[in-house]
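*Asks:* Give me a model of this one.
(one chain, ligands or ions: 2)
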Amino acid sequence: MTFKQKINDSPIDFAIEIINDVKNSKDEGVLKCVQCGMCTSTCPAAHHSDYNPRDIIEKVLAGDESIISEENIWNCFYCYTCHSVCPVGNSVCEVNQILKQIAIAKEIGYDKLYEYLGFADSYFTAAIGAIPERFFPDIGQDVPGWWNFRQNLEEIRNELELDSLMPSKEVIDEVSKILTITGFKSKIERIRASEEVEK
Ligand code: SF4
Ligand code: SF4
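*Replies:* Ligands and ions are numbered 1, 2, ... in the order given. Next up, the predicted model:
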């Protein structure tokens, strides 16, 4: 007899919520997980921590929403290896991104975001996610010549007759407006306020 899991049965609702999320591109891949562990065996984060992508999907399918409070989910850094090796077309990478969004919406894991607020700021100042300045010294140390290249980038592009990297003011204003209307700006302000409280 073939076992068929009904998608309207709880606890599968949590998986359905994730499948229906706009960030999910793999249709019903989550429901097809066969727990083979390919994702875990190839995941760099799993090699260096207790993080386990196979476990993530197991918990999602069990409707275990406590997963959003687990520290481990923040160890995934979106390399997409699991996405490319899954035999049934699942993407733990995308599932993880959705789990983190659910966590953030519930004001969980803010402390994991403080370091990256500079990325968010750059959408308002340059309409792109640029590397925050706080990372410059480390990158300069790890990548010889990077700082010099970074400082002279516009000049180099000029010499090569390439367009400026900086979008026009209209584009920046439009992106800022979209981010404000969609609630991104207020979310960033809440996270920043939380950081201030913790200082
Ligand atoms: S590789 Fe795919 S099917 Fe296998 S455990 Fe990971 S998510 Fe499930
Ligand atoms: S995207 Fe995340 S879960 Fe997938 S292999 Fe990379 S670190 Fe692991």
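
*Asks:* for ligand 1, what are the nearby residues on the protein?
*Replies:* Taking CB under 6 Å from any ligand atom as the criterion, the chain approaches ligand 1 at residues 33-39, 53-54, 57, 86-88, 90, 92. Bear in mind the C-beta positions are built from the backbone N, C-alpha and C, glycine included.

*Asks:* Now that we have these, which of them are buried?
*Replies:* Among these, those classed as buried by neighbour count (16 or more other CB atoms under 10 Å) are 33, 38-39, 53-54, 57, 86, 90, 92.

*Asks:* just to revisit the earlier point, and ligand 2, which of the residues of the chain next to ligand 1 contact it?
*Replies:* 53, 92.

*Asks:* Could you list the domains of this structure?
*Replies:* Domains of the chain are assigned by automatic domain parsing as 13-107, 111-198.

*Asks:* Show me which residues of this structure are close to ligand 2?
*Replies:* Of all the residues in the chain, those in contact range of ligand 2 (CB under 6 Å from any ligand atom) are 43-45, 53, 76-82, 92-93, 96.

*Asks:* Out of these, name the ones that lie in strands.
*Replies:* Within the residues of the chain next to ligand 2, no residue falls in strands by DSSP state E.

*Asks:* Same list, those residues, but as CSV with pLDDT please.
*Replies:* Shown next, in CSV, are the residues of the chain next to ligand 2 (pLDDT from 0 to 100):
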residue, pLDDT
Cys43, 97
Pro44, 97
Ala45, 96
Pro53, 97
Cys76, 95
Phe77, 92
Tyr78, 93
Cys79, 96
Tyr80, 95
Thr81, 97
Cys82, 96
Val92, 95
Cys93, 95
Asn96, 95
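
*Asks:* The closest residue to Tyr114 other than its chain neighbours: neighbouring residues, count only.
*Replies:* If you skip the residues right next to it in sequence, Tyr114 has Glu195 as its closest partner in space, 4.7 Å away by CB to CB, 6 or more residues apart in numbering. Neighbour count of Glu195, defined by other CB atoms under 10 Å: 15.

*Asks:* Would you confirm that Glu195 contacts Leu117?
*Replies:* Yes - here Glu195 lies in contact with Leu117, judged by CB atoms under 8 Å, at a distance of 7.4 Å.

*Asks:* and the residue nearest to Tyr114, how far is that from ligand 2?
*Replies:* Using CB to the nearest ligand atom, to the nearest Å, one gets 25 Å for the distance from Glu195 to ligand 2.

*Asks:* Please enumerate the helices of the chain.
*Replies:* With DSSP state H, the ranges of helices along the chain come out as 13-19, 38-42, 44-48, 53-61, 81-85, 92-105, 117-126, 136-142, 146-151, 153-159, 169-181, 184-198.

*Asks:* What helices and strands are in contact with the fifth one?
*Replies:* To tie it back to what came earlier, the one meant is helix 81-85. Here helix 81-85 is seen to pack against helix 38-42, helix 92-105 when contacts are counted using 3 or more CB pairs under 8 Å, 6 or more residues apart in numbering; DSSP states H and E.

*Asks:* any idea how far the closest residue to Glu65 other than its chain neighbours lies from Cys33?
*Replies:* Distances taken as CB to CB, 6+ apart put Phe14 closest to Glu65, at 5.8 Å, once the chain neighbours are dropped. As judged by CB to CB, to the nearest Å, Phe14 and Cys33 stand 13 Å apart.
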